[in-house]
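Enquirer: Got a predicted structure here, sequence first:
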Amino acid sequence: MKNTFGNSVSVTLFGESHGEMTGVVIDGLAPGIAIDTAFIKSQLKKRRPAGKTGTARKEADNFKIISGVFEGKTTGTPVCIIIPNEKANSSDYALNSFIPRPGHADYTANKKYHGFEDYRGGGHFSGRLTAALTAAGAIAISALKDKGIDIGTHIARCAKIDDRKFKDLKADIDKLNSLDFAVLDDKKSELMREAIISAGADGDSVGGILETAVTGLPAGIGEPWFDSVESMISHAMFSVPAVKGIEFGNAFKDINLRGSEFNDSFRMEDGKIKTVTNHNAGINGGITNGMPVTFRLAVKPTPSIFREQKTVDMLEMKDTSLTIHGRHDPAVIHRARVVVDSLTALVLCDILALRYGTDWLGE
């Protein structure tokens, strides 16, 4: 039973949705990384629900760093961040100990933990734990930005509505990181919001696609085979509760091209080696080539919907139906994008530390 990810820089996640708190321990961070508490707060705000597009459970996310930081900078020892749960309402989940909600981890958690799991609000499987990941990721994002590495994610699709594609990556990433609802086209942003609200009014939910771009990565980081850049990023992304698929670049669409079209030809530009196209999403042989790393994630509709669904009674071992109650999101995609940024940053810190040494990010 493992809740730790990473090699040189590792992240351990703990807590439950309706427990006293959630939290994270980051081990292996270089000493001397500046801690910007205002930035951590702003990142948590992007994850927090707002208006009719999110759940009515609105936590303050009053995080506290209890170790690994002294006089505003990391010390090199484990950084522990805790976030209290202050708005839990456990009575909404009284049936979930034996009647699993479709699309949730209620049944699989019961099988793994033999009925001893905390089922309230999804327990340890809840998206509530992504608040701790967001706080940890904010530290990693700041450290990478100081090295000229930037990360940005937009809602490429939601409820069958498509955002425009990335154009000027620097300008687009800057814009996205200033938005709470990360859509590049303002008109499409409004349409997506309306679609989410409409699904919620119907007691239903919607999903979509997130697209992430990373700029400024040097060529030569990552490993062949099992710890490739794609492998490490993919491993982390599937820990985001709603993610069901990943592609690097536009792999599934571009795969129809011939090799003569798909190959990224090299050229010299301003004394640097670059590629004419970027079908390989900045990665060759599991290792970065210096071009932007891009990937897309399939984010499923929120499984918590206010409609009657078929399920089973695990006590009586018979079919039954369930209508859930409580406070739930009609979509999580807009809240998940900052979690994706955070996990991407944590993975890259790990890969960079393995390549250049554990102190590199703090230099």
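Expert: Looks like it came in fine. Residues are numbered from 1 along each chain as shown.

Enquirer: and the nearest residue to residue 224 once chain neighbours are set aside, what does it touch?
Expert: Spatially, and ignoring its direct neighbours in sequence, residue 224 is nearest to residue 286 (4.8 Å; C-beta to C-beta, 6 or more residues apart in numbering). In this view, the C-beta of every residue, glycine as well, is placed from N, C-alpha and C. Going by C-beta atoms under 8 Å, 6 or more residues apart in numbering, residue 286 touches 222, 223, 224, 225, 227, 228, 229, 230, 231.

Enquirer: pLDDT value on residue 314, please?
Expert: For residue 314, the pLDDT comes out at 92.

Enquirer: Could you pull up the residues touching the closest residue in space to it that isn't next to it in sequence?
Expert: Nearest non-adjacent residue to residue 314, counting by C-beta to C-beta, 6+ apart: residue 98, 4.7 Å away. Going by C-beta under 8 Å, 6+ apart, residue 98 touches 313, 314, 315.

Enquirer: Do I have it right that the first one meets residue 97?
Expert: No: counting by C-beta atoms under 8 Å, residue 313 sits too far from residue 97 to count as a contact (11.0 Å).

Enquirer: which helices and strands does the helix or strand where residue 353 lies pack with?
Expert: Under the criterion of DSSP states H and E, residue 353 resides in helix 333-356. For helix 333-356, the elements it packs on are helix 37-47, helix 130-145, strand 150-158, strand 208-215, helix 229-237, strand 293-299, judged by 3 or more C-beta pairs under 8 Å, 6 or more residues apart in numbering; DSSP states H and E.

Enquirer: could the ones you listed go into TSV alongside mean neighbour count, distance to residue 268 and mean pLDDT?
Expert: Output for the helices and strands packed on helix 333-356, formatted as TSV (neighbours: other C-beta atoms under 10 Å; distance: least, C-beta to C-beta, whole Å; pLDDT from 0 to 100):
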stretch	mean neighbour count	distance to residue 268	mean pLDDT
helix 37-47	18	37	97
helix 130-145	25	27	97
strand 150-158	24	24	98
strand 208-215	24	19	98
helix 229-237	20	24	98
strand 293-299	23	21	98
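
Enquirer: Please tabulate those in TSV, including the columns distance to residue 338.
Expert: Formatted as TSV, the helices and strands packed on helix 333-356 follow (distance: least, C-beta to C-beta, whole Å):
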stretch	distance to residue 338
helix 37-47	4
helix 130-145	6
strand 150-158	8
strand 208-215	10
helix 229-237	14
strand 293-299	13
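
Enquirer: of all those, which lies closest to residue 190?
Expert: When the helices and strands packed on helix 333-356 are compared by C-beta to C-beta, strand 150-158 sits nearest residue 190, at 11.7 Å.

Enquirer: what's downstream of that closest one, the next helix or strand?
Expert: strand 161-162.

Enquirer: which outside residues touch the following helix or strand past that following strand?
Expert: Next along the chain after strand 161-162, taking DSSP H and E as the criterion, comes helix 169-176. The contact list for helix 169-176 (C-beta under 8 Å, 6+ apart) reads 150, 151, 152, 153, 154, 166, 182, 184, 213, 215, 292.

Enquirer: re earlier: what's the pLDDT at the residue nearest to residue 224?
Expert: 97.

Enquirer: Equivalent analysis for residue 19, please.
Expert: 83.

Enquirer: wait, isn't it in contact with residue 118?
Expert: Yes: using C-beta under 8 Å, residue 19 makes contact with residue 118 at a distance of 6.6 Å.

Enquirer: Residue 139: what's it in contact with?
Expert: Taking C-beta under 8 Å, 6+ apart, one finds 26, 29, 33, 35, 40, 74, 79 in contact with residue 139.

Enquirer: before we move on, what about residue 149?
Expert: Contacts of residue 149 (C-beta under 8 Å, 6+ apart): 214, 215, 216, 217, 348.

Enquirer: make it 7 Å
Expert: Going by C-beta atoms under 7 Å, 6 or more residues apart in numbering, residue 149 touches 214, 216, 217, 348.

Enquirer: Which two of these have the greatest separation?
Expert: Among those, 216 and 348 lie farthest apart (C-beta to C-beta), at 10.1 Å.

Enquirer: quick one, which of the two is more surrounded?
Expert: residue 348 (29 against 16; other C-beta atoms under 10 Å).

Enquirer: Secondary structure class of residue 239, three-state.
Expert: Secondary structure, DSSP: H, G, I helix; E, B strand; the rest coil: residue 239 is coil.
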